[in-house]
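Q: Sharing a model that was predicted from the sequence below.
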Amino acid sequence: MNIVKTAAVAAAIAFLSPAALAAWSAPKALGATTLATSNPSCA
Amino acid sequence: MCAVRNQNGRLAVNRYVSNAWTGWTELAGLIGSDSSCTERGTREVVCAARNEANALVFTRFNGATWSVPAVVGGKFHSAPSCARVSATKLICVGRSATGGLSYATYSNAAWSAVSNLAITGGTYSPPSCATDGGGGVVCNTLNGASNVLASRYTGTAWQSTINITGVASDAPTCVRNGVVGGALCLVRGNLSAFINRYNGGTWALGSWSGFVNLGGAISTRVQCANPAGGRIVCTTLGIQVGRRPYSNTFNGTSWTGWIQIATTAAINETACAAYDSTNALCVFTGPNNQLSSRIGS
């Protein structure tokens, strides 16, 4: 895993497709009163 | 259930109930790190962070309300990573003042004293810990050569730390992998995600699968959830301008590969939790610093 050619891995990441979008729900806002100043955590 | 440090330096928490977010609740006290939330008992969640004095602080959701954040103690030199040991016990782990690991366990309603685990050569990243589903917890961190170090808490004691090799370009993350006694950990190596599985058994390098390249061109740590069985849903952000969210799901046999799941830009790391037996609920931070969630796999 030490060295991986950037071009190769860039090619490996898929582009957006309608089928991919359909697998995830539409976004839901958690609310505008909180502005993040860290990474989130969920459980 | 999700938590984040807000614009006031306090822990803000939010619950997803009946297909809707209940709204943010700002808890008392200042924190100075990312938080780490983990389920313990049924409908029970504990979130911990370090405060501005670097002490571990926590709040507990009992199924109805959040406790007022309280100080556990110690000196944590990274954000903590908390993981379930059993239905009545969890552990929170962070970097110690001397480069090892500091940890405390929360059994029933009592925290242990904060103790230190020496790591030869020291740790150079925050740890990430995951339950093994069998009464233990597996943690990964990095050494000075960016090799991945694996430590295992058996429920009562730590086993010796193992160098599981690899060269990481970011701190590792770990998730339960559905094998009782095991865990799956990930790192970013250059721009790709690499996974390494521990499927239980003898605590030794040979019990890890070795790193496998999941590909991708990613810009943040990969965050995963284990909805059920061997199913693992992971998300991260791509490297393109206006970084977009991507997912990669393991169905027990194979990975989907990285799939872009939104056209909107995101910042920070993602966070995921099991939603049902198939899907994860993941949250993403927009450039406006506001969070949104998506459910999927």
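A: Right, received. Where do you want to start?

Q: Residues of the stretch 1-150 of chain B that sit close to chain A?
A: B:1-7, B:9, B:12, B:14, B:20-21, B:23-24, B:26, B:31, B:33-39, B:45, B:47 (C-beta under 8 Å from any C-beta of the partner chain). The way it works is simple: take the backbone N, C-alpha and C, and place the C-beta from them, glycine included.

Q: Got a PyMOL select line for the buried ones in those residues?
A: Restricted to buried positions by 16 or more other C-beta atoms under 10 Å in any protein chain shown, the PyMOL selection for the residues of the stretch 1-150 of chain B next to chain A reads:
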select buried, chain B and resi 1+2+3+4+5+6+12+14+21+24+31+33+34+35+36+37+38+39+45+47
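
Q: In strands, which of the residues of the stretch 1-150 of chain B next to chain A appear?
A: Mapping these onto strands (DSSP state E) picks out B:2-5, B:12, B:14, B:20-21, B:26, B:36-39, B:45, B:47.

Q: Provide a list of residues in contact with residue B:93.
A: B:80-83, B:101-103, B:127, B:129, B:137, B:139, B:153 (C-beta atoms under 8 Å, 6 or more residues apart in numbering or on different chains).

Q: Swap in 7 Å and give it another go.
A: For residue B:93, the contacting residues are B:80-81, B:101, B:103, B:127, B:129, B:139, by C-beta atoms under 7 Å, 6 or more residues apart in numbering or on different chains.

Q: Need the nearest residue in space to it, chain neighbours excluded.
A: residue B:103 (4.4 Å; C-beta to C-beta, 6 or more residues apart in numbering or on different chains).

Q: Go ahead and confirm that neighbour touches residue B:91.
A: Yes - counting by C-beta atoms under 7 Å, residue B:103 touches residue B:91, with 5.8 Å between them.

Q: Tell me if I'm right that residue B:2 and residue A:42 touch.
A: Yes - applying C-beta under 7 Å, one finds residue B:2 in contact with residue A:42, separated by 4.2 Å.

Q: shared neighbours of those two, anything?
A: B:271, B:283.

Q: in the sheet, who's paired with whatever residue of chain A ends up closest to chain B?
A: Of all residues in chain A, residue A:24 sits closest to chain B, at 3.1 Å by C-beta to the nearest C-beta. On the basis of DSSP bridges, residue A:24 is bridged to residue B:296.

Q: now swap in the one 5 residues further on and tell me
A: The residues listed as beta-bridge partners of residue A:29 by DSSP bridges are residue B:292.
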